[in-house]
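Generate a structure from the sequence data that follows.
(chains A and B)
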Amino acid sequence: EAGVAQSPRYKIIEKRQSVAFWCNPISGHATLYWYQQILGQGPKLLIQFQNNGVVDDSQLPKDRFSAERLKGVDSTLKIQPAKLEDSAVYLCASSLGQFPLYGSPLHFGNGTRLTVT
Amino acid sequence: QKEVEQNSGPLSVPEGAIASLNCTYSDRVSQSFFWYRQYSGKSPELIMSIYSNGDKEDGRFTAQLNKASQYVSLLIRDSQPSDSATYLCAVFTNAGKSTFGDGTTLTVKP
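Predicted structure coming up:
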């Protein structure tokens, strides 16, 4: 079974530039999550999709971050314009059901390490 | 107060000892609890999941849940140097809201 695919692995941009990250979840997984992990902290949920729809985007800075899930499969996360404090690892995860219950844990991709200079 | 709090660490134990990692959460409607291990520079990987009060054992790992006290723990028996990592506690509500703690860094010394 192929895992969660993310690209790119690393990205360095200057502040005020834009950047996009891509995620392909495990086949058949209905729920897709984007997390931001700042060094020394735990992952913070940015947005959660259930198929095509958004379940939770309460912590997404909507003035600069946007995300979409294409046809309920792939997803892209965009930052425009980037700020220094956006430097972090962006993790994509997927799970079978809407809630990670009873054998439906989150599977994480390798993440994208973003550095904003 | 953070929604999910873990021992700030770092935690250091000798090889072969028991490592005890603790986590408290504030949302009483939390229903699913997970422990993830994260090696430096890597993404989190699932170690244990627990959904009901009591203990759940899987090899050298035991997760303990007490919903009344809003407390979940992870015990690692016979700790090995390869267990050295950051351990993340994750709490999910039935509405799908997920919250991770900031992790406890464990070092197992040979």
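
rest of the way, CA atoms for contacts and neighbours
OK.

Excluding covalently adjacent residues, which one is nearest to the closest residue to chain A within chain B?
Nearest residue of chain B to chain A (C-alpha to the nearest C-alpha) works out as B:Asp102 at 3.9 Å. In space, B:Asp102 comes closest to A:Gly42 once its chain neighbours are excluded; the distance is 3.9 Å by C-alpha to C-alpha, 6 or more residues apart in numbering or on different chains.

how near is the residue nearest in space to the middle of chain A to A:Leu114?
By C-alpha atoms, centre = their mean, chain A has its centre lying nearest to A:Trp34, at 2.5 Å. Applying C-alpha to C-alpha, to the nearest Å, the value for A:Trp34 to A:Leu114 is 14 Å.

A:Asp86 now?
Taking C-alpha to C-alpha, one finds A:Asp86 at 8 Å from A:Leu114.

for B:Arg37, same thing?
Noted for B:Arg37: a distance of 22 Å to A:Leu114, by C-alpha to C-alpha.

Please apply the same query to A:Gly97.
29 Å.

Which parts of chain B are helices?
Read by DSSP state H, chain B holds no helices at all.

which residues in chain A form helices?
Assigned helices in chain A: none (criterion: DSSP H).

And the strands in it, which stretches?
Under the criterion DSSP state E, chain A contains strands at A:5-7, A:10-13, A:19-24, A:31-37, A:44-50, A:53-56, A:65-69, A:75-79, A:88-95, A:107-108, A:112-116.

can you list these in TSV and add distance to chain B and mean pLDDT?
Listed next are the strands of chain A as TSV, based on distance: least, C-alpha to the nearest C-alpha, whole Å; pLDDT from 0 to 100:
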stretch	distance to chain B	mean pLDDT
strand A:5-7	12	97
strand A:10-13	12	97
strand A:19-24	14	97
strand A:31-37	10	95
strand A:44-50	7	93
strand A:53-56	8	89
strand A:65-69	18	96
strand A:75-79	18	98
strand A:88-95	8	96
strand A:107-108	6	94
strand A:112-116	9	98
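
Now render these as TSV, adding distance to B:Ala17.
Output for these, formatted as TSV (distance: least, C-alpha to C-alpha, whole Å):
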stretch	distance to B:Ala17
strand A:5-7	37
strand A:10-13	37
strand A:19-24	40
strand A:31-37	30
strand A:44-50	32
strand A:53-56	41
strand A:65-69	45
strand A:75-79	43
strand A:88-95	32
strand A:107-108	29
strand A:112-116	34
